[in-house]
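Chemist: My questions are about this predicted structure, shown below with the sequence.
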Amino acid sequence: MTIPSAEDHHPWYVTTSLPYVNGRPHLGHALEFILTDALARYHRLTGDQVWFLTGTDENSLKNVRAAEREGIPTQALVDRNAAYFRGLRELLNLSYDDFIRTSNDPRHLDGVRKLWDACAQRGDIYKRAYRGLYCVGCEQFYSEAELSAGCCPVHLTRPEVVEEENYFFRLSHYADRLRDLIVSDQVHIVPLARKNEALSFIRRGLEDFSISRSRARARDWGVPVPGDAQQVMYVWFDALGNYITALDYAGNGSLYQRFWMQNPHRTHVIGKDIQRFHTIYWPALLLSAGVPLPTSIFVHGFITLEGGKMSKSVGNILDPGALVERYGTDALRYYLLREIRATEDGDFSLERFIRTYNGDLADQLGNLLNRVVTMVSRYAGGVVPAPGAREEIDQRLVNAAEGLRERVERAMSQFVPHEALGAIWELVSATNKYVAEVEPWTLAKQRKAGPERVASAERLATILYNLTEALRLLAHYCIPFLPTTAEILARQLGVTLETSGDWTQVSRWGGYLAGTAVQPGGVLFPKLELLGES
Ligand SMILES: [Zn+2]
């Protein structure tokens, strides 16, 4: 792990939530990791100094039960399953800087003890007897009113009655401050509907919540409460702490200083099912501990599979590994980032996946690259010529390309990558339309004979340059979303990608160096057969 040191770059910190590791990763996990990765890569591209954290939440009672069912030690189960999640780095081409595991990382164990002590010193932790209805699947207590027909609304199973002495956190003390911080967007919850949900949760009244359980009920698994060997921390207290413990909150280290204390951009990406923990409990714990709060919390929706419910707990799982093996990482990234509106629920349908792949990736982008590189080879000996004077049609393409930066910036700052990709694909189709309108093949014939010879040759040179330059820009715009595609585009165009350079300069029209040789390669995104066709 190299700690970045450049002082002239703005820090930008982003985290995924930590998945439970009682099973293998499914498509819903892939969605969150890919969303977060696109944000991290985008900020690096624009020159920010990014720290992207992910990891695994391992101290859950669910893991204990899963291990019992398999007849193996809990640590062995979490070690094995954590490796599946870590393996998503290669599978999904993730660019995380750090991966924390809550069951065995000393940074984490020391950090959450420090967090507990800080809240206790503030007088916000006390012990009392408690009787409640607990869903192990959710790892949370439910009130009678929250149940549906006596069952957990998520798992549709009957919660267990749990009665014991636990430590409680004085959440009730923080209602007013939390409301003010959320209303004023000092903790900026995206989208607005989720912000309103958090506010309405506060309005209904915040009750103190249990932050420990007995060691016996936890089967001796979890982080012991400081000073009380009979209790372990409630898994959420410990799991939420990872966002700062991974930065070395315990040692007040340089990463913690750089990316938490002195950084105005502390972003959590989470799913809507765990928003209460992140928008209410976590900020309250930090207020109590005297630690700055996250500045943005981006809440994404769920993904359904072929219109049905997609949740590990109900057993409806789609393995992202199988999709990647068959169609490639960037094809999956494209679908999840473009076809699913990140702030809402979205559906994954194989038929739509293949149509999107064929339409946007094969017919539009893949075909454009192939045509341009072929034309440069055929009409210009493989070397991109210098452009001559611009005509109005050229200027329209230049304007479209130069206007893209602002549109992508706006979309990414609002956490709507599908709009960024939509804007980028408008440039792809504008460039395809440009080819059809300027007809380079006609100019290639005219330059050989007739009175228009010289003018046609110069016009053709301008067009070939413009096409190559549009593709150079598209290669850079693809970096956050389709990193491998960006590399393939760059390689065939004969350019080097600037992944963390001067973005204003890189995104300006005219960066392609005339006289560069293109490097024709294989077909980018070969077409797929539609389902049912043979
Ligand atoms: Zn549940």
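Modeler: Structure received.
Chemist: Please make it C-alpha for all contacts and neighbour counts, starting now.
Modeler: Will do.
Chemist: Can you tell me the SS state at the closest residue to Tyr167 other than its chain neighbours?
Modeler: Excluding its sequence neighbours, the residue lying closest to Tyr167 (C-alpha to C-alpha, 6 or more residues apart in numbering) is Lys127, at 4.2 Å. Counting by DSSP: H, G, I helix; E, B strand; the rest coil, the backbone at Lys127 sits in strand.
Chemist: which residues does Lys127 contact?
Modeler: When contacts are counted by C-alpha atoms under 8 Å, 6 or more residues apart in numbering, Lys127 is found next to Glu165, Asn166, Tyr167, Phe168.
Chemist: per-residue confidence for it?
Modeler: On the pLDDT scale, Lys127 is placed at 96.
Chemist: any idea how far it is from the ion?
Modeler: 25 Å (C-alpha to the ion, to the nearest Å).
Chemist: Likewise for Arg396?
Modeler: With C-alpha to the ion as the criterion, Arg396 and the ion are 55 Å apart.
Chemist: swap in Asp48?
Modeler: In terms of C-alpha to the ion, Asp48 sits 39 Å off from the ion.
Chemist: hang on, isn't that residue packed against Leu39?
Modeler: No - using C-alpha atoms under 8 Å, Asp48 is not in contact with Leu39; the gap is 11.1 Å.
Chemist: Next step: the contacts of Lys127 restricted to strands.
Modeler: Within those, residues falling in strands by DSSP state E are Glu165, Asn166, Tyr167, Phe168.
Chemist: quick one: which of Asp48 and Leu39 has more around it?
Modeler: Leu39 (23 against 20; other C-alpha atoms under 10 Å).
Chemist: which regions of the stretch 251-400 of the chain lie under the pLDDT threshold?
Modeler: Along the stretch 251-400 of the chain, the parts satisfying pLDDT under 70 run over 309-317.
Chemist: still on that earlier bit, what's the spacing between the residue nearest to Tyr167 and Val438?
Modeler: 77 Å (C-alpha to C-alpha, to the nearest Å).
Chemist: Skipping its backbone neighbours, what lies nearest Gly111 in space?
Modeler: Spatial nearest neighbour of Gly111, chain neighbours left out: Ala250 (4.3 Å); criterion: C-alpha to C-alpha, 6+ apart.
Chemist: tell me the phi and psi of that neighbour?
Modeler: phi -60, psi -40 (degrees, to the nearest 10).
Chemist: Next up, the contacts around it.
Modeler: Arg107, His108, Asp110, Gly111, Val112, Lys114.
Chemist: Need the buried ones from those residues selected in PyMOL.
Modeler: Selection of the buried residues among the contacts of Ala250 in PyMOL, burial being defined by 16 or more other C-alpha atoms under 10 Å:
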select buried, resi 107+108+110+111+112+114
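Chemist: can you narrow the contacts of Ala250 to ones near the ion?
Modeler: Checking the contacts of Ala250 against the ion by C-alpha under 5 Å from the ion, not one of them is in range.
Chemist: Out of the contacts of Ala250, list just those in helices.
Modeler: Judged by DSSP state H, these include Arg107, His108, Asp110, Gly111, Val112, Lys114 as members of helices.
Chemist: export those to JSON lines and tack on distance to Thr279 and pLDDT?
Modeler: Putting those into JSON lines (distance: C-alpha to C-alpha, whole Å; pLDDT from 0 to 100) gives the following:
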{"residue": "Arg107", "distance to Thr279": "24", "pLDDT": "96"}
{"residue": "His108", "distance to Thr279": "21", "pLDDT": "97"}
{"residue": "Asp110", "distance to Thr279": "24", "pLDDT": "97"}
{"residue": "Gly111", "distance to Thr279": "21", "pLDDT": "98"}
{"residue": "Val112", "distance to Thr279": "19", "pLDDT": "98"}
{"residue": "Lys114", "distance to Thr279": "21", "pLDDT": "98"}
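Chemist: Please identify which of those residues is nearest to the ion.
Modeler: Comparing the ones in helices among the contacts of Ala250 against the ion with C-alpha to the ion places Val112 closest, at 25.1 Å.
Chemist: Next, find the distance separating that closest one from Leu171.
Modeler: 18 Å.
Chemist: Same question for Leu53.
Modeler: 27 Å.
Chemist: between these two, who's got more neighbours?
Modeler: Regarding Leu53 and Leu171, a neighbour count based on other C-alpha under 10 Å identifies Leu53 as having more, with 25 against 21.
Chemist: Please look at that one and Leu18 and confirm they touch.
Modeler: No - judged on C-alpha under 8 Å, Leu53 makes no contact with Leu18 at a distance of 9.5 Å.
Chemist: got any residues that touch both of those two?
Modeler: With C-alpha under 8 Å, 6+ apart, Leu53 and Leu18 have no common neighbours.
Chemist: Check whether Gly132 sits in a helix, strand or coil.
Modeler: Strictly by three-state DSSP, Gly132 counts as strand.
Chemist: show me what contacts Trp503?
Modeler: Trp503 makes contacts with Leu45, Thr46, Gly47, as judged by C-alpha under 8 Å, 6+ apart.
Chemist: which residue is nearest the middle of the chain?
Modeler: Thr36 (1.6 Å; C-alpha atoms, centre = their mean).
Chemist: Quick check: mean pLDDT of the helix or strand where it lies?
Modeler: Here Thr36 sits within helix 27-45, counting by DSSP states H and E. The pLDDT scores in helix 27-45 average 97.
Chemist: Name the residues of the helix or strand just after it that are buried.
Modeler: Using DSSP H and E, the helix or strand that directly follows helix 27-45 along the chain is strand 49-56. The neighbour-count check on strand 49-56 (16+ other C-alpha under 10 Å) flags Gln49, Val50, Trp51, Phe52, Leu53, Thr54, Gly55, Thr56 as buried.
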